[in-house]
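A.B. asks: attaching a predicted model along with its sequence, questions to come.
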Amino acid sequence: MSELEDAVTDMGGELDGAIDDMSEAVQAYTFDGDRSDEGEGHLSGEPLRRSLVLGDDDERDVQLREQVMSEDTAWQGRIFDVNRLRVKLPDGRPATRDVVRHPGAVAIVALTDDGRICLVRQYRTALGRVTVEVPAGKLDPGEDPLECAHRELLEETGMTCERMAFLTTIATGVGFCDELIHVYMATGLSFAESDPDADEFINVDLVPLHELIDAVLDGHIEDAKTVVGALICDAVAHRLQPEDDE
């Protein structure tokens, strides 16, 4: 058996184990229906086998909505605010939600002609270590995300591009934050000169895309926008490959 076949076999065993672990975790945290003190009509019902229906497109979704009764700024920062919302739950009970209000951001998957991806190395105080990420930055008030993507790519990496294509938009923390990151792919790169913000200290790498994808799949890259960008590139590359003749 070849090394590749051995690796595939080992991966299959690990995947089966991971699926079993996930199944046990889901069963452990599934709502058991024995919470009579939490209001009536709180059961989710039996899961439906169906095609994908996006949020707010299902007629049942109206029964999940929370009504905002008031909203006040609890803390105001340089980049984002924290607001306290008082809401009415679907069953009529009151609740409090703390929400981070963020202006949004962009992230850029910048690919060279020889298949390398542009990554920035930056110390993140919140994590207490240097992270490896795709270039990204916050939207200015009223700024067009496409223009912001060009600006941030140049500021952080010194790169300009011939083409900037929209990939997707991700919500970074739907449980507490309204930040949306618009992800773009930049190609036709050339180096000009970087111009980071005064408080940004960045090193820039150009690494083979397959190495980044391997690092993501191995769990060594935890930054969400970088994970999404790498996996989209991998998925697009596989879709562009011609299918083998049967």
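C.D. replies: Nice, thanks for sending it over. All of these numbers come straight from a predicted model, not from anything done at the bench.
A.B. asks: all helices for the chain, in order.
C.D. replies: Under the criterion DSSP state H, the chain contains helices at 3-29, 145-157, 209-217, 224-240.
A.B. asks: relative to helix 224-240, how tilted is the third one?
C.D. replies: Orientation note: helix 209-217 sits at an angle of 120 degrees relative to helix 224-240 (axes from the mean of the first three to the mean of the last three C-alpha atoms, to 10 degrees).
A.B. asks: can you give me how far helix 209-217 is from the chain middle?
C.D. replies: Relative to its chain's centre, helix 209-217 lies at 16 Å (C-alpha atoms, centre = their mean, to the nearest Å).
A.B. asks: what is that helix packed up against?
C.D. replies: If contacts are counted by 3 or more C-beta pairs under 8 Å, 6 or more residues apart in numbering; DSSP states H and E, helix 209-217 sits against strand 116-124, helix 224-240. Where you see a C-beta, it was placed from the backbone N, CA and C, and this is true even at glycine.
A.B. asks: between these, which one is nearest to residue 107?
C.D. replies: When the helices and strands packed on helix 209-217 are ranked by distance to residue 107, counting by C-beta to C-beta, first place goes to helix 224-240 at 4.1 Å.
A.B. asks: and the closest one, how far out from the chain's middle?
C.D. replies: Using C-alpha atoms, centre = their mean, the mean C-alpha position of helix 224-240 is found 12 Å from that of the whole chain.
A.B. asks: ok so, going back, pick the most deeply packed of the helices and strands packed on helix 209-217.
C.D. replies: Ranked by mean neighbour count under mean count of other C-beta atoms under 10 Å, these are led by strand 116-124, which reaches a mean of 18.
A.B. asks: tell me what it is packed against?
C.D. replies: Here strand 116-124 touches strand 105-110, strand 129-133, helix 145-157, strand 202-208, helix 209-217, helix 224-240, going by 3+ C-beta pairs under 8 Å, 6+ apart.
A.B. asks: for residue 164, which of those is the nearest?
C.D. replies: Of all these, helix 145-157 comes closest under C-beta to C-beta, at 5.7 Å.
A.B. asks: got a pLDDT number for residue 139?
C.D. replies: pLDDT for residue 139: 96.
A.B. asks: residue 69 too?
C.D. replies: pLDDT, residue 69: 97.
A.B. asks: tell me which residues touch the closest residue in space to it that isn't next to it in sequence, please.
C.D. replies: Leaving aside its sequence neighbours, residue 69 sits nearest to residue 86 (C-beta to C-beta, 6 or more residues apart in numbering; 4.8 Å). By C-beta atoms under 8 Å, 6 or more residues apart in numbering, the contact set of residue 86 is 68, 69, 70, 71, 94, 95, 96, 97.
A.B. asks: worst mean pLDDT among the helices of the chain?
C.D. replies: helix 3-29 (a mean of 47).
A.B. asks: domain assignment for the chain?
C.D. replies: If you go by automatic domain parsing, the domain ranges for the chain are 51-101, 105-240.
A.B. asks: can I get those in a markdown table with distance to residue 44?
C.D. replies: Converted to a markdown table, these look like this (distance: least, C-beta to C-beta, whole Å):
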| stretch | distance to residue 44 |
| --- | --- |
| domain 51-101 | 10 |
| domain 105-240 | 17 |
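A.B. asks: so which of those is the most surrounded?
C.D. replies: Most buried of these by mean neighbour count (mean count of other C-beta under 10 Å) is domain 105-240; its value is a mean of 16.
A.B. asks: now do the closest residue to residue 84 other than its chain neighbours against residue 85, distance only.
C.D. replies: Of all residues not flanking residue 84 in the chain, residue 74 sits nearest, at 4.5 Å (C-beta to C-beta, 6+ apart). Separation of residue 74 from residue 85 (C-beta to C-beta, to the nearest Å): 10 Å.
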